[in-house]
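S.K.: Test case, fold it:
(chains A, B, C and D)
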Number of protein chains: 2
Amino acid sequence: MSQRPSIKDIARLAGVSPSTVSRALAGSPRISQTTRQRIESIARELNYTPSLAARSLVTGDVPILGVIAPTLSDPYVASVMKGLEQASQTRGYQRLVASSHGDPEQELDMVRMLAGHHIAGLIIISSRVTQGYDPILEGLSIPVVFINSLHTGNGVFNVMTDNEYGGWLATQHLIQQGHTHIAYLSGPERGRSQAARLAGYRRALEEGGQHYQASFVLPGDGSIEAGRSALHWWLHQPASNRPTAMFCYNDLSALGLLAEAYQQGVHIPNDLSVVGFDNAPVAEISIPPLTTVEQRTERLGRLAVASLLAALAQKPVTDIILRGELIVRASVKKRPIR
Amino acid sequence: MSQRPSIKDIARLAGVSPSTVSRALAGSPRISQTTRQRIESIARELNYTPSLAARSLVTGDVPILGVIAPTLSDPYVASVMKGLEQASQTRGYQRLVASSHGDPEQELDMVRMLAGHHIAGLIIISSRVTQGYDPILEGLSIPVVFINSLHTGNGVFNVMTDNEYGGWLATQHLIQQGHTHIAYLSGPERGRSQAARLAGYRRALEEGGQHYQASFVLPGDGSIEAGRSALHWWLHQPASNRPTAMFCYNDLSALGLLAEAYQQGVHIPNDLSVVGFDNAPVAEISIPPLTTVEQRTERLGRLAVASLLAALAQKPVTDIILRGELIVRASVKKRPIR
DNA sequence: CAACGTTGTGCAAACGTTTGCATTACGGGG
DNA sequence: CCCCGTAATGCAAACGTTTGCACAACGTTG
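M.R.: This next block holds a predicted model:
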């Protein structure tokens, strides 16, 4: 394992100065064909790779984007990542990825760690930090894009799904199907998306002339487990006041609910209608296939990168809000008139 | 967005030399308490973060691990990532992540890109490159750990599931349950895991006195879609020679098969028994819950980091092979004697 | 009081690049 | 034959750190 070859080694072998090598490799027109070719072949032979650290030091820009997500094992996050990846890769940026495990403290730690790399920009997926972000972000002096949260500040931008609308869409669909007892299974407490979906649920209820009752809003965190517990909660409700439908914060928890329902002999959608959120790949293969609100996750990721790079290029950037649509599958049934 | 403060700015404000600042911040004992505190408070005030690029340049080591995976949206990969994350974070390493989309060409591109950062080490998950890797890896002169592939060379190490054993385990289970017509749904063509699982399948068959027939090995790529097609293939088999059980390369494709079976009115496990591989979180909530071979994915990730860091510390490192166990759920049924 | 440790600090080189500004070589026009 | 433009290349500074070595100040000790 010898030392990596540097530009100087090439220079020595080619009998030129380091600057010439740098220019040749960068494709400057001021270098003659012959020299360029000689240098290129030597570089290839040594299998030279330039030190990005050194380059960044002088040029001042690091072709890396920092990405922070609450977890990596949620299909929603995975899909956003995919979008991020595509968009950034084609534009020559790499990604330094960290996860916060949904903990605001850790999220801030990650921001600080990434800041040390003097990266070009930062993308934060579903932030769980609710306050005190602004001063820190200001101090960063790099653009920051939040996906599905809402923060403001100089150099701070947002790309998000219209979660309120999505929540409304899901609930409204259930109302249209004749349901009058609709519960909502919540997502992570501090999440902005959670608050918005709940608000949409509430608005749809009120617009439909149904009254919102807090006891029909179950705590949850968007996990499979949360879905399971939700079913047990449902089982324990008195038949007289038992919801006939449930809107779940995300597909993952909806899927947990479906699984537990199957095991407990509860039939979906005959006994209980379910709507999820995300349109994750797995939503298509659940049994029954899950009715859900689409979130164009890959698109969110791509747009976030676009916004970030636009901001870097000093172009005007505005927040982006994407509306998803309802994907009707088989987990919802018209409520029988009894 | 002003320029980031450097060590020099602090030096100027504190009335000392840059070296003093560097030492103070690094906690060198040769600096007096008073100076140290003055410097620290100024640094905090400017919210200074050291330039890792500059530091790396002089110290020669970059606290970053490169990670390459075929995709990010496979639960298996997500889980391995989780392990990688935990282990590397606590040891002060960050991760530069790239995905190859399962394309050997792109995988090599990614290796080259990451090499430019002069990262400390490289971890490659489920490599799809089958040949010609060795010279490139040699040229890297950094340790490389492969997860679930098998490559050799100087500074090259492997951490893997015993895929052959896993394949044997799954198939053997089906044989024990009385099945005599067992098909295998393949994974990505060039994958090493795929080859090993197939080999295990074959060995179990032969040990069980059943003869291996190539027509029972279906092409696939580990996707949901592959599982769906597998079911259609099954439907078109003549009843006389139709498999009564299928071992799938991974849970994702097994899940696709389950979903399609449900839609086509094929009952799992009555009509067809299914075994997956990975024990992904979703395997627990499928309907019916999926019998599968556990792969300690998070552990794989953690071990990979451990191996890499051990190699960096010049400690002896050996390849690691982990044996999973069979997780029996409800997608397999004893074959009725007819 | 000279020699010598200690303790705290500064100097300067080095890491691998990029880049503005010379400098060289060469050929052509006057 | 001289001047000058152009093409090709080299020089040296700069980026923000770390670190071996030198140095100053200040006791202590003999």
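S.K.: Could you pull out the buried residues of the helix-or-strand element of chain A with minimal mean pLDDT?
M.R.: Taking mean pLDDT, DSSP states H and E as the measure, chain A has helix A:133-140 as its least confident helix or strand, at a mean of 81. Of all the residues in helix A:133-140, those buried under the rule 16 or more other CB atoms under 10 Å in any protein chain shown are A:Tyr133, A:Ile136, A:Leu137, A:Gly139, A:Leu140. From N, CA and C alone the C-beta is placed, and that goes for glycine too.
S.K.: was I right about the fourth one contacting B:Tyr48?
M.R.: It refers to A:Gly139. No: counting by CB atoms under 8 Å, A:Gly139 stays clear of B:Tyr48, with 9.8 Å between them.
S.K.: Would you mind writing the CA trace of stretch A:32-43 as CSV?
M.R.: The C-alpha trace of stretch A:32-43 is given here as CSV (Å, rounded to 0.1, in the frame of the first residue of the first chain):
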residue,chain,number,x,y,z
SER,A,32,-0.6,21.2,-26.3
GLN,A,33,-2.1,18.0,-27.6
THR,A,34,1.1,16.0,-27.2
THR,A,35,1.8,17.1,-23.6
ARG,A,36,-1.8,16.5,-22.7
GLN,A,37,-1.8,13.0,-24.0
ARG,A,38,1.5,12.1,-22.4
ILE,A,39,0.2,13.4,-19.1
GLU,A,40,-3.1,11.6,-19.4
SER,A,41,-1.4,8.3,-20.2
ILE,A,42,0.9,8.6,-17.2
ALA,A,43,-2.0,9.5,-15.0
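S.K.: And it, how far out from the chain middle?
M.R.: Chain-centre distance of stretch A:32-43: 44 Å, with CA atoms, centre = their mean, to the nearest Å.
S.K.: Could I get the buried residue list for that stretch?
M.R.: A:Thr35, A:Arg36, A:Arg38, A:Ile39, A:Glu40, A:Ile42, A:Ala43.
S.K.: Okay, and the second one sits in which element?
M.R.: Secondary-structure assignment from DSSP states H and E places A:Arg36 in helix A:33-45.
S.K.: could you say what helices and strands that helix packs with?
M.R.: helix A:7-14, helix A:18-26 (3 or more CB pairs under 8 Å, 6 or more residues apart in numbering or on different chains; DSSP states H and E).
S.K.: returning to what we had before: closest one of the buried residues of helix A:133-140 to B:Glu294?
M.R.: A:Tyr133 (40.2 Å; CB to CB).
S.K.: Skipping adjacent residues, who's closest to that closest one in space?
M.R.: A:His151 (5.7 Å; CB to CB, 6 or more residues apart in numbering or on different chains).
S.K.: Kindly report the same for A:Thr180.
M.R.: A:Gln210 (6.2 Å).
S.K.: thought that neighbour was touching A:Ala183?
M.R.: No: applying CB under 8 Å as the test, A:Gln210 and A:Ala183 come out as separate, 11.8 Å apart.
S.K.: A:Gly132 is in contact with the residue nearest to A:Tyr133, correct?
M.R.: No: the criterion here is CB under 8 Å, and A:His151 misses it with A:Gly132 at 10.8 Å.
S.K.: of the two, who's got more company?
M.R.: A:His151 (18 against 9; other CB atoms under 10 Å in any protein chain shown).
S.K.: Could I get the buried residue list for stretch A:12-29?
M.R.: A:Leu13, A:Ala14, A:Val16, A:Thr20, A:Val21, A:Ser22, A:Arg23, A:Ala24, A:Leu25.
S.K.: same deal with stretch A:87-104?
M.R.: A:87-89, A:93-102, A:104.
S.K.: Now do the domain split for chain A, please.
M.R.: Split into domains by automatic domain parsing, chain A comes to A:7-50, A:61-161+A:298-322, A:163-295.
S.K.: who wins for proximity to B:Arg228 among the ones you listed?
M.R.: domain A:163-295 (8.4 Å).
S.K.: want to try a markdown table for the domains of chain A, with distance to A:Lys333 as columns?
M.R.: Output for those, formatted as a markdown table (distance: least, CB to CB, whole Å):
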| stretch | distance to A:Lys333 |
| --- | --- |
| domain A:7-50 | 59 |
| domain A:61-161+A:298-322 | 25 |
| domain A:163-295 | 4 |
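S.K.: Let's have the ones you listed in JSON lines, adding distance to DNA strand D.
M.R.: What follows is these, written out as JSON lines (distance: least, CB to the nearest atom of the strand, whole Å):
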{"stretch": "domain A:7-50", "distance to DNA strand D": "3"}
{"stretch": "domain A:61-161+A:298-322", "distance to DNA strand D": "8"}
{"stretch": "domain A:163-295", "distance to DNA strand D": "33"}
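S.K.: Out of the ones you listed, flag the one nearest DNA strand C.
M.R.: Nearest to DNA strand C among the domains of chain A is domain A:7-50 (3.0 Å), distances taken as CB to the nearest atom of the strand.
S.K.: how about A:Ile39, what does it touch?
M.R.: A:Ile10, A:Ala14, A:Val16, A:Thr20, A:Val21, A:Ala24, A:Leu25 (CB atoms under 8 Å, 6 or more residues apart in numbering or on different chains).
S.K.: coming back round to it: nearest to chain B, of the buried residues of stretch A:12-29?
M.R.: A:Leu25 (12.2 Å; CB to the nearest CB).
S.K.: got the contact list for that closest one?
M.R.: Contacts of A:Leu25 by CB under 8 Å, 6+ apart are A:Ile7, A:Ile39, A:Glu40, A:Ala43, A:Pro50.
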